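Undergrad: I need the structure of the sequence given here:
(one chain, ligands or ions: 1)
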Amino acid sequence: MVKIKSLSFGELEEFVLSLGEKKFRAAQIFEWMHKGVRSFDEMKNLPKGLKEKLKEQADPEILETEAVQVSAKDGTRKYLFRLPDGEYVESVLMKYSYGNTVCISTQAGCRMGCAFCASCEGGLKRNLTSGEILDQVLAVSRDIGEKVGNVVVMGVGEPFDNYDRLSGFLNNINDKRGFNLGMRNITVSTCGIVPGIIRFAEEYPQVTLAVSLHAPNDSLRNSLMPVNRKYSLTALMDACRKYARITNKRITFEYILIEGINDSHRHAEELSVLLKDVNCHINLIPFNGVIGKNFSAVKRAEAEKFRDELRKRGIETTIRRELGSDIDGACGQLRSKKR
Ligand code: SAH
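TA: Next up, the predicted model:
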């Protein structure tokens, strides 16, 4: 079976030709898929014969919705999707004043092993295909019956550990003949895979990059994020400066505030020194409790103190607004319950 939603537009044309059909059918199929239809039968303007061939030879890469949690507070919707092989991934719809944002996953599980994160329990099961990454956006958009204006790649998995599939997804969702989402409306978050950052700067300079930092020195970062043992803070900061030079864009650093671990006055000071010549913005993230992990969130007043300390030192800093705090907010939570 050809995984049809993972094909680029050009590959889809080749596939359609290989079925003995006219090339223009590719544009019709591409458009239908990006409208979120869930079967070849719904592709109204295709001849019956072609639909039959597609059913025999193509996998439409449709995710099944296993569960949806809806926040009574702010309408955030959290989806647990089941993949054809029984793996699960999560996506989240967030309603902002500027429109609908969908947070999507790139892997079933994760092998980065961050100490505070629920996604890596059980390790990496497998990479998602480009079509499975895309179908999360399509499924959510179809469910709510509204347009999705922004996509953040901050769900389960490390996007740069699945770079090629991420890349196929970005090209397809951006394609004018399909979903037509602007690269500027997409954010990708990485735990700090240095070669991925450089490649991304060259290939996707318009996409916003977020880097999960979470610690201002190597010894603390080594203990929280094993990836730091491979790409130290010196290497990471060099890559971030290079990224900013190539793209002319500011990087967002994510920093989860964890009580008694990375939240002291000294940490704020160290962080401001580390970032003093990097074109960036810090987003402080309130820690989301994870079952079985011995970490707690800092109080709001403490987070504000940390923010003000950074601002005083000239680093632009905000505290992430918490959405869906009454549902399983942190990534990987629904999936790990299921497992
Ligand atoms: N692997 C990528 C993207 C997925 S995680 C990355 O590391 O950036 C998205 C963000 O959620 C990261 O900043 C991650 O560190 C953060 N995160 C993970 N567990 C969390 C938790 N329990 N509470 C709050 N944020 C968490």
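Undergrad: Check the gap between residue 123 and the ligand for me.
TA: 14 Å (C-beta to the nearest ligand atom, to the nearest Å). C-betas here are computed from N, CA, C, even on glycine.
Undergrad: buried ones in the helix or strand where residue 31 lies?
TA: Assigned by DSSP states H and E, residue 31 belongs to helix 25-35. By neighbour count with 16 or more other C-beta atoms under 10 Å, helix 25-35 contains the buried residues 25, 26, 28, 29, 30, 31, 32, 33, 34.
Undergrad: Output the contacting helices and strands for it.
TA: Applying 3 or more C-beta pairs under 8 Å, 6 or more residues apart in numbering; DSSP states H and E, we find helix 25-35 packed against helix 9-18.
Undergrad: so how far is the helix it packs on from its chain's centroid?
TA: Averaged C-alpha coordinates place helix 9-18 at 28 Å from its chain's average position (C-alpha atoms, centre = their mean, to the nearest Å).
Undergrad: State whether residue 161 and residue 112 are indeed in contact, as I suppose.
TA: Yes: using C-beta atoms under 8 Å, residue 161 is in contact with residue 112, at 7.2 Å.
Undergrad: more crowded one of these two?
TA: residue 112 (22 against 19; other C-beta atoms under 10 Å).
Undergrad: following the lengthiest strand in the chain, which helix or strand comes up?
TA: Taking DSSP state E as the criterion, the chain has its longest strand at strand 88-96. Moving toward the C-terminus from strand 88-96, the first helix or strand encountered (DSSP H and E) is strand 99-103.
Undergrad: who does the helix or strand just after that following strand pair up with?
TA: From strand 99-103 onward toward the C-terminus, using DSSP H and E, the following helix or strand is strand 107-109. Note on strand 107-109: by DSSP bridges, its sheet partners are strand 124-127 (antiparallel).
Undergrad: low-confidence ranges in the protein?
TA: Per-residue confidence for the chain (pLDDT under 70) gives these ranges: 328-333, 339.
Undergrad: of all the residues in it, which ones are close to the ligand?
TA: Counting by C-beta under 6 Å from any ligand atom, the chain comes close to the ligand at 114, 116-117, 154, 158, 189-191, 212, 254, 256, 285, 287-288, 290, 330-331.
Undergrad: let's go with 8 Å and repeat that
TA: By C-beta under 8 Å from any ligand atom, the residues of the chain that approach the ligand are 106, 110, 112, 114, 116-119, 153-159, 161, 189-192, 210-212, 214, 225, 254, 256, 285-290, 293, 295, 297, 329-332.
Undergrad: Now, of these, which are buried?
TA: Buried, going by 16+ other C-beta under 10 Å: 106, 110, 112, 114, 116-119, 153-159, 161, 189-192, 210-212, 214, 225, 254, 256, 285-288, 290, 295, 297, 329-332, out of the residues of the chain next to the ligand.
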